[in-house]
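K.L.:
quick one: sequence plus predicted model below, questions after.
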Amino acid sequence: MPRFIVPPITRVLLVLLIVVSTIAAVGRYSAYVFSIHEATKQTLVDPSVDETHALSGVYKPSETTIPMLSIVPGVSTFYPWVYITSTFLERTLPPFLVTGAAILFSGRYCEPIWGTVEFGRFVLLLILVPNIALTIFHTLVIGQFTGATAAAPDSLPTGGVALVAGFLVAFKQMIPEHRILLFKGLVQVKVAWLAAIYLFLYTVVFGLLQLKGFHDVPKAWTGFFVSWIYLRFFRVSYVDPLLPFSNTINNVALAGPSLASPASAATASSGGIKIKGDVSDTFALNQFFPEPLRSLIKVFSDYTFSALVALRVCAAFDQDEVDASNVRAANRASGGHSYVMSNYNQRRFNLGSGNTSSNGSGTPQSTLGGAHSTRAEAERRRALALRMLDESLIKQQQQHPPQPQQQPQPMADLQVPNRVVLPPTRVN
């Protein structure tokens, strides 16, 4: 039976969630009990004070703010660590369970594939960027136009809303065709639509209906865009060659973007092909949403990207790069895997049977099916890559049909010498 292994960064995140939320809960209820005690004491000292009126001024535990753990503009400057701890501060049990489940399952899947350093960098971006951006927005915009005080309690939301949204974007990239079965298979939810459903719930249910989580809406959208921008343009990853050929320049050209691509560089290394970002069509921004929003978002995103390219903020995508990313995306969607795992990750976080075998030299090897499954996987990926290349060639031929050429005139055969008429032999 395979062991239930939790990667190191995932363990740290779960411990932070439990510790910070527990400390905050104890602090809020302690403050609540203390305020009730003070209100009751005031009624005993001064009989003219009505007990109901005195207790009405007591803050509920959910309304109490702890400046040393949550972000309070104007106060958090003295506690810079709150830009991290506020993400792990959940006020009620349901969001605590949702955030904990998202961290556990996302970490157990993403961290072994991406590596500990890359997964930690991704999580740190999802924690810091939304909190800092919302603090700046609240201080410069809301505080100026609404006249809100700088130290207003509960001015910024806490919790892992942005973290969950970012993880759902990563699942959209890695396992878009997987489905989640609910109620014994009666309800099937595609993983590719989880991010859109999550944003819909926060925007419509909490935002438009003015429910309790209204302030979580901008944080959820910020986490979504931070995750998508990083995975789309900046994340450096290593993928194995799509075709099981020798490590030649042709293999590099088929497996990754062009070496001359301005948007990302691909180099062959011992760990695979180094690429930057994911420019596949299935990971475009409009692919996260259903019709008719998809068409509208595509028009807006195309104009925005063209403007950024014109301003030289980012580089245009190379067609070879897009084709290679589409091949890798199709490989992931069909159940394959285009990422390269280090020996450490293969040994510690085997996603298959949970065991490792050893060859003659004592090097651990993954037991995902043995040599037969390895050959079958290589053949499957080769067939998939060849099919994608054929489709790309057919598309290019349809867009640029060959021009008719004139038939060349037949040339004289220069190898056969011309006949020479000799004079008749003179007979004496």
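P.N.:
Nice, thanks for sending it over.

K.L.:
other SSEs contacting the longest helix along the chain?
P.N.:
Using DSSP state H to define each element, the chain has its longest helix at helix 8-45. Packing partners of helix 8-45 (3 or more CB pairs under 8 Å, 6 or more residues apart in numbering; DSSP states H and E): helix 51-56, helix 82-85, helix 93-114, helix 116-137. All C-beta atoms are positioned from the backbone trio N, CA, C, and that covers glycine.

K.L.:
right, and those - which one's nearest residue 12?
P.N.:
helix 116-137 (8.6 Å; CB to CB).

K.L.:
packing partners of that closest one?
P.N.:
Partner elements for helix 116-137 (3+ CB pairs under 8 Å, 6+ apart): helix 8-45, helix 82-85, helix 93-114, helix 161-174, helix 216-229.

K.L.:
which residues touch the nearest residue to residue 224 once chain neighbours are set aside?
P.N.:
Nearest non-adjacent residue to residue 224, counting by CB to CB, 6 or more residues apart in numbering: residue 165, 4.4 Å away. By CB atoms under 8 Å, 6 or more residues apart in numbering, residue 165 lies in contact with 195, 198, 199, 220, 221, 223, 224, 227.

K.L.:
gap between the fourth one and residue 199?
P.N.:
Between residue 220 and residue 199 the computed distance is 6 Å (CB to CB, to the nearest Å).

K.L.:
please say which of those two ends up with more neighbours.
P.N.:
Neighbour tally, residue 220 and residue 199, criterion other CB atoms under 10 Å: the higher count belongs to residue 220, 25 against 19.

K.L.:
was I right about the more buried one contacting residue 205?
P.N.:
No: the pair residue 220 and residue 205 does not pass the contact test of CB atoms under 8 Å, sitting 11.5 Å apart.

K.L.:
make a PyMOL selection of the buried ones in the contacts of residue 165.
P.N.:
The following PyMOL line selects those of these that are buried, judged by 16 or more other CB atoms under 10 Å:
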select buried, resi 195+198+199+220+221+223+224+227
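
K.L.:
for the contacts of residue 165, give me JSON lines that also has distance to residue 120.
P.N.:
Listed next are the contacts of residue 165 as JSON lines, based on distance: CB to CB, whole Å:
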{"residue": "195", "distance to residue 120": "22"}
{"residue": "198", "distance to residue 120": "23"}
{"residue": "199", "distance to residue 120": "25"}
{"residue": "220", "distance to residue 120": "22"}
{"residue": "221", "distance to residue 120": "24"}
{"residue": "223", "distance to residue 120": "16"}
{"residue": "224", "distance to residue 120": "20"}
{"residue": "227", "distance to residue 120": "15"}
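
K.L.:
quick check: residue 165 vs residue 199, distance?
P.N.:
7 Å.

K.L.:
repeat for residue 323
P.N.:
To residue 199, residue 323 is 30 Å away according to CB to CB.

K.L.:
now swap in residue 101 and tell me
P.N.:
18 Å.

K.L.:
swap in residue 280?
P.N.:
Here the criterion is CB to CB. By it, residue 280 lies 21 Å from residue 199.

K.L.:
same question, residue 91
P.N.:
For residue 91 relative to residue 199 (CB to CB), the value is 21 Å.

K.L.:
tell me if residue 275 really is in a strand.
P.N.:
Yes: judged by DSSP: H, G, I helix; E, B strand; the rest coil, residue 275 forms part of a strand.

K.L.:
correct me if wrong: it contacts residue 235.
P.N.:
No: contact criterion CB under 8 Å: residue 275 and residue 235 do not qualify, at 9.1 Å.

K.L.:
who has more neighbours, the two?
P.N.:
residue 275 (25 against 20).

K.L.:
the more buried one and residue 320: what is the separation?
P.N.:
From residue 275 over to residue 320 (counting by CB to CB), the distance is 12 Å.

K.L.:
and residue 225, what is it in contact with?
P.N.:
Neighbour list for residue 225: empty [criterion: CB under 8 Å, 6+ apart].

K.L.:
tell me the pLDDT of it.
P.N.:
Listed pLDDT for residue 225 reads 95.

K.L.:
residue 211 now?
P.N.:
pLDDT at residue 211 comes out at 58.

K.L.:
show me this structure divided up by domain.
P.N.:
1-234, 236-279+317-351+371-398 (automatic domain parsing).

K.L.:
residue contacts, residue 132?
P.N.:
Shown in contact with residue 132 (CB under 8 Å, 6+ apart): residue 83.

K.L.:
and it, how far from residue 303?
P.N.:
Per CB to CB, residue 132 is found 28 Å from residue 303.

K.L.:
cool, and residue 128?
P.N.:
30 Å.

K.L.:
comparing these two, which residue is more hemmed in?
P.N.:
Taking other CB under 10 Å, residue 128 and residue 303 do not tie; residue 128 has more neighbours (15 against 10).

K.L.:
next one: the more buried one from residue 221, what distance?
P.N.:
For residue 128, the distance to residue 221 - CB to CB - is 16 Å.

K.L.:
next one: residue 124
P.N.:
To residue 221, residue 124 is 19 Å away according to CB to CB.

K.L.:
residue 188: what secondary structure?
P.N.:
strand.

K.L.:
bridged to it, which residues?
P.N.:
On the basis of DSSP bridges, residue 188 is bridged to residue 181.

K.L.:
and it, how many residues sit next to it?
P.N.:
Neighbours of residue 188 (other CB under 10 Å): 10.

K.L.:
contacting residues around it?
P.N.:
Residue 188 sits in contact with 179, 180, 181, 182, where contact means CB under 8 Å, 6+ apart.

K.L.:
closest one of those to residue 139?
P.N.:
residue 180 (39.3 Å).

K.L.:
what sits closest to that closest one if chain neighbours are left out?
P.N.:
That would be residue 189: by CB to CB, 6+ apart, it lies 4.6 Å from residue 180.

K.L.:
thought that neighbour was touching residue 182?
P.N.:
Yes: counting by CB under 8 Å, residue 189 does reach residue 182; the two are 6.7 Å apart.

K.L.:
those two: which is more packed in?
P.N.:
Using other CB under 10 Å as the criterion, residue 189 and residue 182 rank with residue 189 on top: 13 against 10.

K.L.:
tell me which residues of stretch 92-107 are tucked away?
P.N.:
95, 96, 98, 99, 100, 102, 103, 104, 106, 107.

K.L.:
pLDDT weak spots in this structure?
P.N.:
Scanning the chain for pLDDT under 70 picks out the ranges 1-3, 37, 39, 41-59, 61-62, 141-155, 207-214, 240-272, 334-383, 399-428.

K.L.:
this completes my enquiry, with thanks.
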